[in-house]
Each structure stands twice: as C-alpha cells, then as structure tokens.
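Visitor: This is the structure alone, sequence omitted:
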C-alpha cells in the first residue's frame with residue numbers, strides 16, 4: 001500500500017495536513033500502527049528541518065519549526081535538545097552584537113584620538129616652523 005504522505009516529498013503545509021490525517025486515523029483506531037509510524041516520520045521531518053535551520057544559523061526559522069514540532073509532538077525528546085541549541089545560538093548572537101557595538105565605540109574613540117593627534121602634530125609643526 002502506498003504511503004499517503006511520503007516523508008521525502010513532505011512540505012510544511014503537507015506536514016500539518018499529514019499530522020491532522022494521522023491523528024484522525026488514531027482517533028478512530030487508537031492502535032493504528034500506520035498512523036503512529038506516519039506521525040513519527042512527520043515529527044522526524046520537523047526535526048530535520050529544525051536541525052538544518054540551526055546548522056545554517058537561521059534561528060527564527062528553527063524556532064518556527066520547533067514550535068510546529070512542539071505543537072504536534074510536545075513529548076518529543078528532540079524538542080528540549082533543540083530548545084537548548086536555539087537558546088545557545090541566541091546567546092551567541094547577542095554576545096556578537098555586544099562585541100560589534102564595543103568595536104564600533106572603540107573605532108570611534110580611535111578616530112577621535114587620531115584626529116586630536118593630527119591636530120597636535122600640525123600645531124607643533126607651526127610652532128617649530
């Protein structure tokens with residue numbers, strides 16, 4: 001029998017539809033093995049999408065995928081692990097922004113000092129000359 005939602009061709013919209021379909025099947029038949037396996041495959045796809053977004057440092061995309069994963073499978077072990085990775089990436093990004101701001105301030109201060117030094121050098125040349 002053909003798989004109704006092949007994981008390799010699953011899109012985000014298709015994943016939501018698949019979850020709904022598999023959940024309806026489980027509501028009718030709680031021990032439905034195909035529905036349980038289908039849900040696991042869809043959750044696995046969300047995990048893959050989330051991991052790929054994290055790898056590319058796309059924290060907003062990863063957070064959106066994680067939200068979908070959490071809503072569809074709150075007990076998934078991957079949720080906690082991915083949550084920690086997103087938090088770490090956000091912390092690193094915040095540190096990078098702070099470092100960049102400090103670098104901008106130091107650059108501005110250095111330019112002021114250089115301008116002052118140039119002015120003093122010009123005055124000293126006038127006096128000497």
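Guide: Everything's here; your move. The shown structure was predicted, so the numbers you read here are calculated from the model rather than taken from an experiment.
Visitor: The nearest residue to residue 63 once chain neighbours are set aside - how many residues pack around it?
Guide: Setting aside the residues directly before and after it, residue 63 is nearest to residue 86 in space (C-beta to C-beta, 6 or more residues apart in numbering), at 5.8 Å. All C-beta atoms are positioned from the backbone trio N, CA, C, and that covers glycine. Other residues lying near residue 86 total 18 when counted by other C-beta atoms under 10 Å.
Visitor: just residue 100 next, same as before
Guide: When counting by other C-beta under 10 Å, one arrives at 10 neighbours for residue 100.
Visitor: and it, how far is that from residue 106?
Guide: Here residue 100 is placed at a distance of 11 Å from residue 106 (C-beta to C-beta, to the nearest Å).
Visitor: Check which helix or strand the residue lying closest to residue 65 once chain neighbours are set aside maps to.
Guide: Using C-beta to C-beta, 6+ apart and skipping residues adjacent in sequence, the residue nearest residue 65 is residue 50, 4.0 Å away. Remark: residue 50 resides in helix 33-55, with elements defined by DSSP states H and E.
Visitor: Give me the spatial nearest neighbour of the spatially most central residue of the chain, chain neighbours excluded.
Guide: Central residue of the chain (C-alpha atoms, centre = their mean): residue 59, 1.7 Å from the mean position. Counting by C-beta to C-beta, 6+ apart, residue 59 lies nearest to residue 89, which is 5.0 Å off, once chain neighbours are set aside.
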